[in-house]
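Engineer: Pasting the sequence and the predicted model now:
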Amino acid sequence: MSCSSCSTVKDGQPRGCKNNGTCGTDGCNKLTVFDWLSNMSLPNGTKPFDCVEVRFKNSRKEFFRNTENLSLSIGDVVATEAQSGYDVGMVTLVGELVKVQMKRKKVDFKSDELPKVYRKASQGDIDKWQKCRDREEEIKKRAREIAIILDLQMKISDVEFQGDGSKATFYYTAEERVDFRQLIKDMAKAFGIRIEMRQIGYRQEAQRLGGIGSCGRELCCSTWLTDFRSVSTSAARYQQLSLNPQKLAGQCGKLKCCLNYELDTYLEALKDFPSTDTRLYTEKGIAFCQKTDIFKAILWFSYKDDPSNWHVLTKEQVKEILEKNKKKEKVASLEEYTVDNFVQKEEKVFENVVGQDSLTRFDRPKRSKNRNRKRNKSRGLSGNQKGNRKGNQGQNTNKGNNTKGKSNNKRRRPNNA
């Protein structure tokens with residue numbers, strides 16, 4: 001996959017657009033970091049940072065030390081150190097920003113245990129890596145069939161080959177602990193490679209697979225979201241959303257991460273609101289809060305004896321009544337306050353300042369009956385006149401036929417005589 005500004009090879013693999021550290025449309029890499037220091041030169045006497053960030057399949061990223069002092073740039077395909085053999089990945093970040101990312105992810109950049117970058121990948125390494133990538137879908141399908149035969153309650157969501165093709169990592173999700181020892185034996189025998197099983201959560205699964213959310217955009221977890229905070233149903237309650245699991249759940253089956261985006265704003269706005277447990281004491285009875293509208297700053301109250309009849313009060317009116325209740329003063333009724341809230345407001349008329357035409361300008365207008373009547377009147381004929389005229393024409397034709405018959409008879413008489 002590559003963006004429109006990338007230079008590509010035959011198989012569609014991006015060489016790197018060199019567009020200031022990242023793709024212009026962010027179509028090549030997921031969760032990329034914009035390298036805003038790429039056009040700046042280092043001060044005299046300072047050495048460039050010797051660590052680089054390398055991205056592998058999907059969003060998996062690791063940090064490697066450039067011990068060979070290779071001239072690496074973003075988009076280069078490199079061969080890196082692995083537990084056994086080597087792996088092939090793409091450089092996504094170089095320079096001082098790598099140090100910032102390592103601190104952010106709590107990776108010690110001074111440690112000697114960091115894996116190394118061996119070399120820039122040759123054409124043979126890239127071809128071998130591409131063949132392994134092409135086998136992943138077939139192997140994933142075969143692994144799922146083996147898991148079904150063994151009756152294992154697990155879902156294999158993705159397969160990732162090592163660059164040299166000697167090892168494959170299977171990512172799976174499961175609700176309970178799974179004994180997959182027999183599964184590893186069967187897959188190693190069927191595929192002839194070393195197998196590693198790695199369990200991930202449902203959100204990590206959605207992050208690796210990607211997709212389109214209900215908002216019409218790509219999933220946040222697969223594009224820019226790096227940390228997964230816990231989302232509870234209280235976030236939906238504070239925002240007064242209906243607790244419908246079909247609407248609140250994302251593609252991962254968990255609550256949507258976007259429920260936390262505006263939660264702080266709602267909590268700050270609710271500080272000025274009376275709590276939902278407030279009671280208003282009136283001479284007519286005790287009133288309870290039924291509903292609140294944060295945007296309009298209004299609350300609905302109903303009496304204890306008449307819960308179906310709701311009365312609208314503003315936030316300031318509720319505070320005023322509560323102040324009187326603290327002084328042990330009762331209000332006559334809630335209707336006195338609700339009358340002021342139903343003042344008719346002038347309707348806003350929006351003008352077309354853009355200059356666009358109406359959307360219904362291409363619709364054909366319906367022809368009315370009155371229009372047809374006016375057209376007939378303009379011609380000087382009404383419906384009755386048309387009928388009379390047709391009747392007269394019929395009578396005239398009959399008369400003509402009769403006269404023709406009489407004339408013929410008169411002509412024949414002299415011959416008979």
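Structural biologist: Yep, that arrived. Owing to the predicted nature of the structure, the values given are computational and were not obtained by experimental measurement.
Engineer: which non-adjacent residue is nearest N325?
Structural biologist: Spatial nearest neighbour of N325, chain neighbours left out: Y281 (5.1 Å); criterion: Cβ to Cβ, 6 or more residues apart in numbering. From N, CA and C alone the C-beta is placed, and that goes for glycine too.
Engineer: mind listing what that neighbour touches?
Structural biologist: Residues near Y281 by Cβ atoms under 8 Å, 6 or more residues apart in numbering: 325, 330-331.
Engineer: where does it land in three-state SS?
Structural biologist: strand (DSSP: H, G, I helix; E, B strand; the rest coil).
Engineer: ok so, going back, who wins on neighbours among the contacts of Y281?
Structural biologist: V331 (18 neighbours; other Cβ atoms under 10 Å).
Engineer: Does it touch E323 like I think?
Structural biologist: No - the criterion here is Cβ atoms under 8 Å, and V331 misses it with E323 at 10.7 Å.
Engineer: helix or strand for V91, which one?
Structural biologist: In this assignment (DSSP states H and E), V91 forms part of strand 86-93.
Engineer: Ok, E160 next?
Structural biologist: Using DSSP H and E, E160 falls in strand 155-161.
Engineer: Just the buried residues of that strand, please?
Structural biologist: 156-161 (16 or more other Cβ atoms under 10 Å).
Engineer: How about stretch 99-119?
Structural biologist: Quick answer for stretch 99-119 (16+ other Cβ under 10 Å): 101-102, 114-115, 117-118.
Engineer: what is the residue nearest to N325 paired to in the beta sheet?
Structural biologist: I286 (DSSP bridges).
Engineer: how much space between it and Y303?
Structural biologist: From Y281 over to Y303 the distance is 11 Å, taken as Cβ to Cβ, to the nearest Å.
Engineer: you'd agree K140 is up against E160?
Structural biologist: No - using Cβ under 8 Å, K140 is not in contact with E160; the gap is 10.0 Å.
Engineer: And the strands in this structure?
Structural biologist: 51-55, 61-65, 77-81, 86-93, 117-120, 155-161, 167-173, 194-199, 279-281, 286-293, 298-303, 310-314 (DSSP state E).
Engineer: Which one of those lies nearest to A236?
Structural biologist: Nearest of the strands of the chain to A236, taken as Cβ to Cβ: strand 286-293 at 14.7 Å.
Engineer: Considering only helices and strands, which part of the chain has the lowest mean pLDDT?
Structural biologist: Scoring the helices and strands of the chain by mean pLDDT, DSSP states H and E places helix 383-416 at the bottom, with a mean of 48.
Engineer: closest one to E262 among the strands of the chain?
Structural biologist: That would be strand 286-293 among the strands of the chain, by Cβ to Cβ, at 15.5 Å.
Engineer: just checking, what packs against that closest one?
Structural biologist: If you count contacts as 3 or more Cβ pairs under 8 Å, 6 or more residues apart in numbering; DSSP states H and E, strand 286-293 packs onto strand 279-281, strand 298-303, strand 310-314.
Engineer: Quick one: mean pLDDT for the first one?
Structural biologist: Translated: strand 279-281. Per-residue pLDDT values across strand 279-281 average out to 90.
Engineer: List the contacts of the residue nearest to D179 when sequence neighbours are not counted.
Structural biologist: Excluding its sequence neighbours, the residue lying closest to D179 (Cβ to Cβ, 6+ apart) is L152, at 7.9 Å. By Cβ under 8 Å, 6+ apart, the residues touching L152 are 178-180, 183.
Engineer: Adding pLDDT as columns, could you present the residues you listed in CSV?
Structural biologist: Shown next, in CSV, are the contacts of L152 (pLDDT from 0 to 100):
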residue, pLDDT
V178, 90
D179, 90
F180, 88
L183, 93
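Engineer: Of those residues, select the buried ones using a ChimeraX command.
Structural biologist: A single ChimeraX command is used to select the members of the contacts of L152 judged buried by 16+ other Cβ under 10 Å:
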select :178,180,183
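Engineer: Now tell me what touches stretch 91-107 from outside.
Structural biologist: 21, 29, 32-33, 35-38, 48-49, 51-55, 61, 63, 72-78, 108-109.
Engineer: Repeat the analysis, applying 7 Å as the threshold.
Structural biologist: Outside stretch 91-107, the residues within contact range by Cβ atoms under 7 Å, 6 or more residues apart in numbering are 29, 32-33, 35, 37, 48-49, 51-55, 61, 63, 72-76, 78, 109.
Engineer: Where does the prediction get shaky in this protein?
Structural biologist: Along the chain, the model assigns pLDDT under 70 to residues 1-31, 339-348, 350, 352-359, 361, 364-417.
Engineer: and it, what are its domains?
Structural biologist: If you go by automatic domain parsing, the domain ranges for the chain are 1-121, 128-206, 229-271, 279-341.
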